[in-house]
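**Q** need the 3D shape of this:
(one chain, ligands or ions: 1)
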Amino acid sequence: MSYTLPLIPYEYNALEPYFDERTMKIHHTKHHQTYINNTNNIVKDFPNLNKLYIDDLIQNLDKVSEDKYMFLRNNAGGHANHSMFWNGLKIGTKLHGELKSAIERDFVSIDNFKKIFETEAITRFGSGWVWLVLKLDGRMMVISTSNQDNPLMGKNISRDFSYPILGCDVWEHSYYLKYQNNRLEYIKAFWSVVNWDEAERRFIKKIR
Ligand code: MN3
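**A** Presented below is the predicted three-dimensional model:
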């Protein structure tokens, strides 16, 4: 078995004017595809690993030889992160329900949560991701990871092992064509394309 590029459930121009068509297309067909190709190149030599769902593979990175570990971590992480990212984007959804209550419980207000998320995004040096995560103790937290690391990779890599509810790619390739070096403007636009229904679905699946 090998990993394949997941279809994104909308057109490349569906998130205009916030996320532009050209960036979306290159990001999906070139960047994401490359992470998948590289992941396949490694796991073909590890028959026990290539049957795993990508979210499980990134929790088993230590099963490959040491010389391949970092390459797998970066590329399998890239596949996992982007797969989640595309599904987490949609125009016109609203934060509601139990996820909204949990965010208000742990961040005082939605505005405060967004401010913390934005600060984490602009202070993440270099490339990485910002996440709203659900910790094992049931609390929500905003964290960031470097490169293509994912909170599911555990506490040696992320701040803590945690389950990502919402993720935002802050690599320059996700915003440079439209926003150049203005990462904050990109994060502000991100709020207009967050698929809160998908975030709520992930949250409910995990707390039930
Ligand atoms: Mn990316």
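**Q** which stretches of the protein form strands?
**A** 128-135, 140-146, 162-169 (DSSP state E).
**Q** average pLDDT for the first one?
**A** Put plainly, it is strand 128-135. Average pLDDT, strand 128-135: 98.
**Q** also stretch 151-162?
**A** Rounded mean pLDDT across stretch 151-162 is 93.
**Q** kindly report the same for stretch 29-47.
**A** 96.
**Q** distance between the ends of that stretch?
**A** End-to-end distance for stretch 29-47, by Cα to Cα, to the nearest Å: 26 Å.
**Q** for residue 124, give its distance to residue 85.
**A** Computed as Cβ to Cβ, to the nearest Å, the residue 124 to residue 85 distance reads 15 Å. The C-beta positions use only the backbone N, C-alpha and C, and glycine is treated the same way.
**Q** swap that for residue 143, please
**A** Residue 143 is 16 Å from residue 85, by Cβ to Cβ.
**Q** does the ion have contacts with stretch 86-99?
**A** No - Stretch 86-99 does not reach the ion (Cβ under 5 Å from the ion); its nearest approach is 10.2 Å.
**Q** same check, this time on stretch 32-52
**A** No - counting by Cβ under 5 Å from the ion, the ion is not contacted by stretch 32-52; separation bottoms out at 7.0 Å.
**Q** okay, buried residues for that stretch please.
**A** Using 16 or more other Cβ atoms under 10 Å as the test for burial, stretch 32-52 gives 32, 35-36, 38-40, 42-43, 46, 49-50, 52.
**Q** just those: which are in helices?
**A** 35-36, 38-40, 42-43 (DSSP state H).
**Q** CSV for the residues you listed, including distance to residue 8?
**A** Listed next are those as CSV, based on distance: Cβ to Cβ, whole Å:
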residue, distance to residue 8
35, 15
36, 14
38, 20
39, 18
40, 20
42, 24
43, 23
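**Q** which one of these is nearest to residue 72?
**A** Closest approach between those and residue 72, by Cβ to Cβ: residue 42, at 5.0 Å.
**Q** once you drop chain neighbours, what's closest to that closest one?
**A** residue 72 (5.0 Å; Cβ to Cβ, 6 or more residues apart in numbering).
**Q** so that neighbour makes contact with residue 60?
**A** No - using Cβ atoms under 8 Å, residue 72 makes no contact with residue 60, being 9.5 Å away.
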